[in-house]
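1. this one's structure only:
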């Protein structure tokens with residue numbers, strides 16, 4: 001099934017990069033959108049580019065499975081299948097983020113792999129020890145799969161942070177921008193209360209509150225909740 005989804009060149013590339021620890025940088029929003037549209041239209045070069053520039057995501061997702069008794073190369077191969085499925089099924093018009101969607105597909109592909117392992121080995125249980133942790137305690141497959149993973153939250157935060165600073169850069173009202181920066185400690189500034197902002201700008205606290213609400217409403221409209 002793997003050969004039906006990805007060329008040997010892509011697999012070799014993924015395994016080589018995982019060994020060197022060097023991955024292509026993620027595409028910026030415009031480049032990614034362009035490649036997604038082209039790939040959906042059948043452009044294999046654009047599809048390959050999306051795969052190559054998202055391989056680091058595969059490695060991030062599979063890190064929590066490294067303790068399992070499975071070769072790292074196998075996990076990378078399986079994770080890459082999930083990545084390719086994500087790129088092939090991704091719908092730009094739905095407004096989702098590719099990285100968030102792909103991470104879920106990668107995780108699901110690996111989870112399904114472990115489920116299939118269980119089905120083909122009747123004597124293996126999700127609660128059976130498969131390894132030991134650093135303190136010598138038994139580590140089960142369920143421990144590995146259920147391990148807390150913040151990658152999706154981290155990706156989502158990174159995306160929203162980029163959107164926030166793009167919004168600020170394009171803001172026309174300098175007063176609204178200044179109040180947001182001071183109130184929420186942006187660009188490395190300290191966080192300020194509305195009263196502190198009002199004193200600094202020489203306006204009333206209620207006026208600061210009104211401007212802040214207006215700016216936040218515009219921000220929410222621009223990048224969502």
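-> On my side now, so go ahead. Please read all numbers here as calculations on a predicted model, not as lab measurements. Residues are numbered from 1 along each chain as shown.

2. any chance you could map the strands in the protein?
-> Secondary structure of the chain (DSSP state E): strands at 129-132, 138-140.

3. mind listing what's buried in stretch 167-185?
-> 167, 168, 171, 176, 177, 178, 179, 180, 181, 182, 183 (16 or more other CB atoms under 10 Å). The C-beta positions use only the backbone N, C-alpha and C, and glycine is treated the same way.

4. and those residues, which two are furthest apart?
-> Based on CB to CB, the longest span within the buried residues of stretch 167-185 runs between 167 and 182 and measures 16.1 Å.

5. distance of residue 174 relative to residue 165?
-> In this view, residue 174 and residue 165 are 16 Å apart by CB to CB, to the nearest Å.

6. residues touching residue 90, list them.
-> 36, 96, 98, 101, 102 (CB atoms under 8 Å, 6 or more residues apart in numbering).

7. one more pass at 10 Å, please.
-> Counting by CB atoms under 10 Å, 6 or more residues apart in numbering, residue 90 touches 36, 39, 40, 50, 96, 97, 98, 101, 102, 105.

8. list buried residues within these.
-> Judged by 16+ other CB under 10 Å, buried ones among those: 36, 39, 40, 50, 97, 98, 101, 102, 105.

9. closest one to residue 56 out of those residues, please.
-> Distances from residue 56 to the buried ones among the contacts of residue 90, taken by CB to CB, are shortest for residue 102, at 11.0 Å.

10. nearest residue to the closest one other than its sequence neighbours?
-> residue 86 (3.8 Å; CB to CB, 6 or more residues apart in numbering).

11. hey, which helix or strand in the protein has the poorest pLDDT?
-> helix 2-5 (a mean of 43; mean pLDDT, DSSP states H and E).

12. what's the closest non-adjacent residue to residue 173?
-> Closest to residue 173 by CB to CB, 6+ apart is residue 215, at 7.5 Å.

13. ok, the one you found - how many residues close by?
-> Number of residues near residue 215 (other CB atoms under 10 Å) recorded here: 21.

14. residue 164 is in contact with residue 218, correct?
-> No - counting by CB atoms under 10 Å, residue 218 sits too far from residue 164 to count as a contact (11.8 Å).

15. for the longest helix seen in the chain, which positions count as buried?
-> Across the chain, the longest stretch assigned as helix under DSSP state H is helix 98-120. Of the residues in helix 98-120, 98-103, 105-107, 109-110, 113-114 count as buried by neighbour count, 16+ other CB under 10 Å.

16. dump the residues you listed to JSON lines, plus pLDDT.
-> JSON lines is the format used below for the buried residues of helix 98-120 (pLDDT from 0 to 100):
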{"residue": "98", "pLDDT": "89"}
{"residue": "99", "pLDDT": "88"}
{"residue": "100", "pLDDT": "86"}
{"residue": "101", "pLDDT": "88"}
{"residue": "102", "pLDDT": "89"}
{"residue": "103", "pLDDT": "88"}
{"residue": "105", "pLDDT": "88"}
{"residue": "106", "pLDDT": "88"}
{"residue": "107", "pLDDT": "85"}
{"residue": "109", "pLDDT": "86"}
{"residue": "110", "pLDDT": "84"}
{"residue": "113", "pLDDT": "80"}
{"residue": "114", "pLDDT": "77"}
